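Trainee: How does the following fold in three dimensions:
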Amino acid sequence: IDQGDCGSCYAVATTRMLTARHRIRQADPFAESFSISFPLHCSEYNQGCDGGYAFLVSRWSQDVGLVPKSCASYRTSGGCELRCSPGTLDRRWRADNHRYVGGYYGGSTEHEMMRELVENGPLVASFEPKNDIMYYNGGIYSSLANQRSDSGWERVDHAVLLVGYGEERGKKYWILQNSRG
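Mentor: Numbers count the residues shown, from 1 in each chain. Coordinates of the predicted model:
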């Protein structure tokens, strides 16, 4: 999906993570995807197309629940609207046990992220992309490292879905599913 002119990367990545993990737990790779537009346009925990946080999409998905994509297909404008077949909303799926890998914001390690991916499926990763990412067209992307502040908080402006990892000629890399561009 291309998120278009909407700052929805946090909702796209989180909803795709929850869909993938649901499919894994149900042992059904063809189970219908969850709606990205439902948490994007209906949640009061984030700012819709003006941005938000993956953690809060997961929290809202626990509190309110998720609906199938057929109830609200992805769109970058409009409000909170659901168009479901009768009976579809009788059973909402809820995300539970949402948490930061590592226990708290900034507490994750490379090893913990790898273990989470292998044991539970794809996970959301956030970072501050550099301008040169728009020129990426294949291979292992490399850019200048982000500088961490003394407070332990790292500036992030984009969320992606981490779906794999590897190593090529001694260089480690993550495989990401991106919704920008």
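Trainee: Touching, D2 and Q177? I think so.
Mentor: No - here D2 lies out of contact with Q177, judged by Cβ atoms under 8 Å, at a distance of 12.0 Å. (Glycine included, C-beta is placed from N, CA and C.)
Trainee: more neighbours, the two?
Mentor: More crowded of D2 and Q177, by other Cβ atoms under 10 Å: Q177, with 16 against 12.
Trainee: Let me see the ranges of the strands in this protein.
Mentor: Ranges of strands within the chain are 123-127, 158-168, 171-177, based on DSSP state E.
Trainee: Measure how buried the residue nearest to D96 when sequence neighbours are not counted is and give me the count.
Mentor: Among residues not flanking D96 along the chain, Q62 sits closest, at 5.6 Å (Cβ to Cβ, 6 or more residues apart in numbering). Burial measure for Q62: 14 neighbouring residues, criterion other Cβ under 10 Å.
Trainee: One more: the one 4 residues further on?
Mentor: For L66, the number of neighbouring residues by other Cβ under 10 Å comes to 24.
Trainee: beta partners for it?
Mentor: Residues in a beta bridge with L66, per DSSP bridges, are W93.
Trainee: Quick check, it in contact with P39.
Mentor: Yes - between L66 and P39 there is a contact under Cβ under 8 Å: 7.4 Å.
Trainee: So for those two, which residues contact both of them?
Mentor: Common contacts of L66 and P39 (Cβ atoms under 8 Å, 6 or more residues apart in numbering): T15.
Trainee: The residue positioned nearest the centre of the chain: what's it in contact with?
Mentor: Centroid-nearest residue in the chain, with Cα atoms, centre = their mean: A13, separated by 2.0 Å. Shown in contact with A13 (Cβ under 8 Å, 6+ apart): 54, 124-125, 159-161, 177, 179.
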